[in-house]
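**Q** coordinates only, sequence not included:
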């Protein structure tokens, strides 16, 4: 199993550009999520999904869009990049349901710089 | 929403000493409390977790304690080694519209001096 795979690992954007961070998992997990990591602020939840077709906003959703058309894939779209979105992004998946929270498995991370 | 506070933000210990990291949370409905270790440039990885029906859990040199009344939980590392140097994150579950997700503390950078 590859686990959680994220691409790209590094990206530099100009303000106003758009891009998509790709995330795929092969563990058949229903729950998937995107976090951003900034120094001293831990990991903050951007968006999450509890199954194909079901997504919801997390703690810091503004400026990002997600969709979940399959169990395996959960892409994160930056609509119009801003310098405040410079961060390291982690995709994660877990074997969870409404009554049980399982271990989060993280991808390797994507370092995004917005100039 | 849920707020998870983690202290200290940095911790320096001598090899062989013990290290303790503490977290507090605000949502009394939280029922799952994992700890993640992140080495430099790597992804966070689970090292130990505890659920609300347990007060303490141990795995070799690592232990976690939970006090639900006081809403705090702690990570204890004994006999620290240089390879324990990393950033450690605590987390707690928070209920969102579609399901329970994890909220993370701000992290503790642990440095173990040989």
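**A** Great, that's in hand. It should be emphasised that the depicted structure is a prediction, and the values quoted were computed from it without experimental measurement.
**Q** kindly provide the distance from the nearest residue to residue A:78 once chain neighbours are set aside to residue A:59.
**A** Computed as C-beta to C-beta, 6 or more residues apart in numbering or on different chains, the closest residue to residue A:78 that is not its neighbour in sequence is residue A:19, at 5.4 Å. C-beta coordinates here come from the backbone N, C-alpha and C atoms, glycine included. According to C-beta to C-beta, to the nearest Å, residue A:19 stands 21 Å off from residue A:59.
**Q** ok, these two, which is more surrounded?
**A** Using other C-beta atoms under 10 Å in any protein chain shown, the more surrounded residue of residue A:19 and residue A:59 is residue A:59, with 18 against 15.
**Q** so who does that one touch?
**A** Applying C-beta atoms under 8 Å, 6 or more residues apart in numbering or on different chains to residue A:59 gives the contacts A:44-46, B:1, B:103.
**Q** go again using 10 Å as the cut-off
**A** Applying C-beta atoms under 10 Å, 6 or more residues apart in numbering or on different chains, we find residue A:59 in contact with A:35-36, A:43-47, B:1-2, B:94, B:96, B:101, B:103-104.
**Q** phi, psi for the residue nearest to residue A:42 when sequence neighbours are not counted please.
**A** Leaving aside its sequence neighbours, residue A:42 sits nearest to residue B:104 (C-beta to C-beta, 6+ apart; 4.0 Å). With angles defined as degrees, to the nearest 10, residue B:104 sits at phi -100, psi 150.
**Q** the longest strand that chain B contains: which residues count as buried?
**A** When chain B is parsed with DSSP state E, its longest strand is strand B:86-95. Buried residues in strand B:86-95, counted by 16 or more other C-beta atoms under 10 Å in any protein chain shown: B:86-94.
**Q** same list, the contacts of residue A:59, but as JSON lines with distance to residue A:79, secondary structure and pLDDT please.
**A** Shown next, in JSON lines, are the contacts of residue A:59 (distance: C-beta to C-beta, whole Å; DSSP: H, G, I helix; E, B strand; the rest coil; pLDDT from 0 to 100):
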{"residue": "A:35", "distance to residue A:79": "18", "secondary structure": "strand", "pLDDT": "98"}
{"residue": "A:36", "distance to residue A:79": "15", "secondary structure": "strand", "pLDDT": "98"}
{"residue": "A:43", "distance to residue A:79": "22", "secondary structure": "strand", "pLDDT": "95"}
{"residue": "A:44", "distance to residue A:79": "18", "secondary structure": "strand", "pLDDT": "96"}
{"residue": "A:45", "distance to residue A:79": "18", "secondary structure": "strand", "pLDDT": "97"}
{"residue": "A:46", "distance to residue A:79": "13", "secondary structure": "strand", "pLDDT": "97"}
{"residue": "A:47", "distance to residue A:79": "13", "secondary structure": "strand", "pLDDT": "98"}
{"residue": "B:1", "distance to residue A:79": "24", "secondary structure": "coil", "pLDDT": "62"}
{"residue": "B:2", "distance to residue A:79": "27", "secondary structure": "coil", "pLDDT": "69"}
{"residue": "B:94", "distance to residue A:79": "26", "secondary structure": "strand", "pLDDT": "90"}
{"residue": "B:96", "distance to residue A:79": "22", "secondary structure": "coil", "pLDDT": "89"}
{"residue": "B:101", "distance to residue A:79": "22", "secondary structure": "strand", "pLDDT": "93"}
{"residue": "B:103", "distance to residue A:79": "25", "secondary structure": "strand", "pLDDT": "95"}
{"residue": "B:104", "distance to residue A:79": "25", "secondary structure": "strand", "pLDDT": "96"}
